[in-house]
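K.L.:
Just a sequence and a predicted model for now, questions to come.
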Amino acid sequence: RGFLYMQDPHSDWFFVKTYAYVDDEALNFLELDSIVNSDLSVAPAASHISLSQASVSLSSPDRYEFELSWSAGAASGAREGKSCSLIFRSDTWRGLHAWVNGLQMILPLARSRASSKTARRQKNGERKASRPSVEMAVWARDQAAANSIARAAAQSHVSEMIRELTGQPSGARGEAKLKDLLDKIAAMLDTASAVESCWLAQIFRETKGALGKLVDALSSSDEKVVQLSLYMLGTLSSRVVDKYAGETKQVLQRLGAFRRVVDLLWSENADTVYFAAGSAQKMCNHKEDALLIRSSGADMRLQTLLASKDTPQHIMHVAQGCLEHMKRFLGEPDAPTPQVRAKATHGAAQISACCNDEVR
């Protein structure tokens, strides 16, 4: 589940952002929500795609695109339906990998269940099932129990990783391990469901020194460590990711994290500036934070980025968002700013999906 960009079948360039997810109970359908653009030439039936007769393939790996093909008659019980296909684009290679491999695992299950259901109906002489079978009820019960066990095991594993992260010593050897752990935990955040994101953020709050370790990592000489720390600080501070993000922001405020993040807006590394602007936008929680942006001159730094023709568009996008967020806290009207149109994809940062609160 997560946000994807769906291509209009009648256009090579027009994509619309949509939230896609596989139904949790039977894993038989791919649901597409938030298809609100009236110009999109996709039939409403495409928002509820049966996976029992679907296939998935990479269509353009360099653009993070994959194609989903299916028979439109599968959902209505027709033997032969209209062949349909859609192109989807992910923000990152990691996202493309998760969707393609995840669907390739789920499709055989969906086909197997559809075949078993058809065989039972034919055996009983029924065209429609009047109620869920006992076998399905037992399967659902066992599946729920298995999910509960898997969730507990995952939480234990994440807790151990965060404790290991917190205990990493300084120095080259400790920093190499720190980067590896940050990368793994960031990948979990990048692909986590809403429930998983909440308990992952809770583990960070409850593990002594964990959030402080992220703040300390902002001083690392390794730009990758700094960027991963910025990404995680911003993500954990987002209410879209964690409904209790306010509690995380309170801890970070006591640690002086916001000033450390704002200082990185002057970094010479473009990716670091990108993550710093996105994190500053999410961590700005009070009028005092907005005043810090102004008093430090960070607002002028952001304006300079917006005015420069050499600034990449994805950096302009988060810089504008950070400025607008600051002005809302200060009660100022939004000044005219350059029009920024977010691209569906960009390659400047490995993990980009969570740098705007619109995402997820």
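P.N.:
Done, it's in.

K.L.:
okay, CA-based contacts and neighbour counts for the rest of this
P.N.:
Fine.

K.L.:
Who's the closest spatial neighbour of residue 227, skipping the chain neighbours?
P.N.:
residue 272 (5.5 Å; CA to CA, 6 or more residues apart in numbering).

K.L.:
Surely that neighbour and residue 228 touch.
P.N.:
No. Taking contacts as CA atoms under 8 Å, residue 272 lies outside contact range of residue 228: 9.2 Å.

K.L.:
which residues sit against the helix or strand containing the residue nearest to residue 227?
P.N.:
Per DSSP states H and E, residue 272 falls inside helix 270-283. Outside helix 270-283, the residues that touch it by CA atoms under 8 Å, 6 or more residues apart in numbering are 223, 226-227, 230-231, 233-235, 237-238, 249, 258, 261-262, 264-267, 314-315, 318-319, 321-323, 325-326, 348-349, 355-357.

K.L.:
switch the cut-off to 6 Å
P.N.:
227, 230-231, 234, 237-238, 261, 265, 267, 315, 318-319, 322, 355 (CA atoms under 6 Å, 6 or more residues apart in numbering).

K.L.:
which is the next helix or strand following it?
P.N.:
Trace forward from helix 270-283 with DSSP H and E and the next one is helix 287-295.

K.L.:
Specify the angle between that following helix and helix 270-283 in degrees.
P.N.:
Orientation check (axes from the mean of the first three to the mean of the last three CA atoms, to 10 degrees): helix 287-295 against helix 270-283 gives 150 degrees.

K.L.:
Dump the contacts of helix 270-283 to CSV, plus pLDDT.
P.N.:
Listed next are those as CSV, based on pLDDT from 0 to 100:
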residue, pLDDT
227, 94
230, 95
231, 93
234, 92
237, 91
238, 88
261, 96
265, 96
267, 94
315, 91
318, 90
319, 91
322, 91
355, 42
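
K.L.:
ok, these vs residue 17, which is closest?
P.N.:
residue 355 (15.5 Å; CA to CA).

K.L.:
buried set for the helix or strand hosting residue 306?
P.N.:
Assigned by DSSP H and E, residue 306 falls within helix 298-307. Using 16 or more other CA atoms under 10 Å as the test for burial, helix 298-307 gives 298, 299, 301, 302, 303, 305, 306.

K.L.:
One more: stretch 311-325?
P.N.:
Under 16+ other CA under 10 Å, the buried positions of stretch 311-325 are 313-325.

K.L.:
need the next SSE after the helix or strand of the chain with the lowest mean pLDDT, C-terminal direction.
P.N.:
Least confident helix or strand, the chain: helix 134-166 with a mean of 65, by mean pLDDT, DSSP states H and E. Sequence-wise, the next helix or strand downstream of helix 134-166 (DSSP H and E) is helix 172-191.

K.L.:
measure residue 109 to residue 27 for me?
P.N.:
8 Å (CA to CA, to the nearest Å).

K.L.:
got the CA positions of the helix holding residue 306 in PDB?
P.N.:
Backbone C-alpha positions of helix 298-307 (Å, rounded to 0.1, in the frame of the first residue of the first chain) are rendered in PDB as follows:
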ATOM      1  CA  ALA A 298      17.100  30.700   7.000                       C
ATOM      2  CA  ASP A 299      14.100  32.400   5.400                       C
ATOM      3  CA  MET A 300      16.400  34.400   3.200                       C
ATOM      4  CA  ARG A 301      18.400  31.200   2.400                       C
ATOM      5  CA  LEU A 302      15.100  29.600   1.200                       C
ATOM      6  CA  GLN A 303      14.200  32.600  -0.800                       C
ATOM      7  CA  THR A 304      17.600  32.600  -2.500                       C
ATOM      8  CA  LEU A 305      17.000  28.900  -3.400                       C
ATOM      9  CA  LEU A 306      13.600  29.700  -4.900                       C
ATOM     10  CA  ALA A 307      15.000  32.700  -6.900                       C
END
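
K.L.:
what's the angle from it to helix 287-295?
P.N.:
Using the same axes, to 10 degrees, the direction of helix 298-307 lies 60 degrees away from that of helix 287-295.

K.L.:
The helix or strand residue 200 falls within vs helix 172-191, what angle?
P.N.:
Under the criterion of DSSP H and E, residue 200 resides in helix 194-206. Orientation of helix 194-206 against helix 172-191 (the same axes, to 10 degrees) gives an angle of 150 degrees.

K.L.:
Can we start the residue count at 698 from this point?
P.N.:
Sure thing, new numbering starts at 698, so read that last one as helix 891-903.

K.L.:
And helix 891-903, what's buried?
P.N.:
Residues of helix 891-903 classed as buried by neighbour count (16+ other CA under 10 Å): 891, 893, 894, 895, 897, 898, 899, 900, 901, 902.

K.L.:
Now residue 756: closest residue in space, sequence neighbours ignored.
P.N.:
Nearest non-adjacent residue to residue 756 (CA to CA, 6+ apart): residue 763, at 4.8 Å.

K.L.:
State whether the one you found is indeed within a helix.
P.N.:
No. Assigned with DSSP: H, G, I helix; E, B strand; the rest coil, residue 763 falls outside any helix and is strand.

K.L.:
Contact partners for it?
P.N.:
With CA under 6 Å, 6+ apart, residue 763 has these contacts: 754, 755, 756, 784, 785.
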